[in-house]
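> Prediction below, plus the sequence it came from.
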Amino acid sequence: MTSIENLVEVASPSRARFNVRAFDLHTTLSSGQTFRWRSTNTGWTGVVAGRPVILRPSDNGIEAAATVPVADWNWLTRYLRLDDDFEAVVRSFPDDEPMRAALAACNGLRLVRQPAWECLVSFICSSTKQIVQIEQCIELLSQRFGSPLVPFPGNEPVWDFPTPEQLMMAGEASLRACKLGFRAPYVLAAAQSVHDGRLNLSELESMTTAQARAALMALPGVGPKIADCVLLFAYGRQDAFPLDVWILRGLAALYFPRRRPSPKRLRDFADTYFGPWAGYAQQYLFHYARRHRPDLRIRKTETA
């Protein structure tokens with residue numbers, strides 16, 4: 001076995017073990033930050049960087065299997081953010097009752113680092129949709145317009161996420177047929193903007209968060225919440241703190257139980273209270289509010 005950066009033990013050309021503690025795959029991959037993972041009897045199956053992969057927990061961390069030989073596993077260590085000092089992340093959170101409750105309920109929740117284009121389309125599709133509906137949209141887009149990939153033996157066919165060019169060629173009507181509805185022209189506009197170079201997703205890396213947010217919000221259908229989701233889940237910007245209905249309701253109930261704070265007050269609070277890993281804290285509060293606090297449940301008439 002070959003050691004890679006003291007994190008990965010290569011067991012065979014297409015299998016590896018990642019030495020990582022406190023990483024709960026179920027909590028992480030079902031927490032509403034990424035939408036192409038499925039839980040099966042063999043593990044969590046998804047596509048990362050154009051590679052079908054199965055992840056499963058092991059005694060010492062995570063086992064991974066790919067469908068083709070892998071020269072190195074940097075693409076997966078990057079996706080799983082194994083370079084994060086997770087203990088330092090948790091230590092940075094405010095030591096208050098809501099964060100303690102969220103940490104206890106969501107133990108092992110991690111952020112992942114998604115491809116920027118897939119992340120952008122995913123969160124454009126997320127507007128007023130539940131997570132299961134977003135997953136359906138992303139899967140339909142991949143099946144109908146993405147490039148086929150090598151599946152695991154005995155498994156169903158699998159496709160890469162479509163490129164901007166592939167979605168441009170699909171056209172608005174075909175995108176609507178993937179259950180995108182009013183979001184179809186927004187996805188098409190994003191594909192055209194990336195293809196034409198008006199939005200260079202790579203250049204966002206070197207921008208300030210405010211500059212990158214403004215560049216994303218220049219796209220039709222992209223507001224502050226969608227932009228911050230992309231900045232957090234694709235670029236790892238910890239000063240991006242997406243505010244959707246779950247978070248607004250959670251912050252109000254958990255931190256201002258006797259008041260009715262305005263959205264601006266909650267925005268100011270989120271921007272200043274949660275420290276250097278605020279984006280991480282946001283995901284804990286989001287998942288805690290959505291999965292573990294039925295008193296905060298959103299009615300069907302409300303939108304995220």
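That came in fine, so what should we check first?

> Distance check, the spatially closest residue to G43 that is not a sequence neighbour against A66.
Excluding the flanking residues, the one nearest G43 by C-beta to C-beta, 6 or more residues apart in numbering is R56, at 3.4 Å. Just so you know, the C-beta spots here come from the backbone N, C-alpha and C atoms, and that holds for glycine as well. Using C-beta to C-beta, to the nearest Å, one obtains 13 Å as the distance from R56 to A66.

> Those two: who's more crowded?
More crowded of R56 and A66, by other C-beta atoms under 10 Å: A66, with 20 against 14.

> quick one, what contacts the more buried one?
S14, R15, R51, P52, V53 (C-beta atoms under 8 Å, 6 or more residues apart in numbering).

> For the second one, report the pLDDT, please.
Reading off the per-residue confidence, R15 sits at a pLDDT of 95.

> so it touches E63, yeah?
Yes. Here R15 reaches E63: they are 7.2 Å apart, a contact under C-beta atoms under 8 Å.

> So for these two, which sits in the more crowded spot?
Neighbour tally, R15 and E63, criterion other C-beta under 10 Å: the higher count belongs to E63, 18 against 15.

> so where do the strands sit in the chain?
With strands called from DSSP state E, the chain shows them at 2-4, 8-12, 15-19, 38-40, 43-48, 51-58, 61-66, 148-149, 158-159.

> In terms of secondary structure, what does the longest one contact?
For strand 51-58, the contact count by 3 or more C-beta pairs under 8 Å, 6 or more residues apart in numbering; DSSP states H and E identifies helix 25-29, strand 43-48, strand 61-66 as packing neighbours.

> quick one: average confidence on the second one?
It stands for strand 43-48. 96.

> Buried ones in that strand, by neighbour count?
Within strand 43-48, the residues that count as buried by 16 or more other C-beta atoms under 10 Å are G43, W44, T45, G46, V47, V48.
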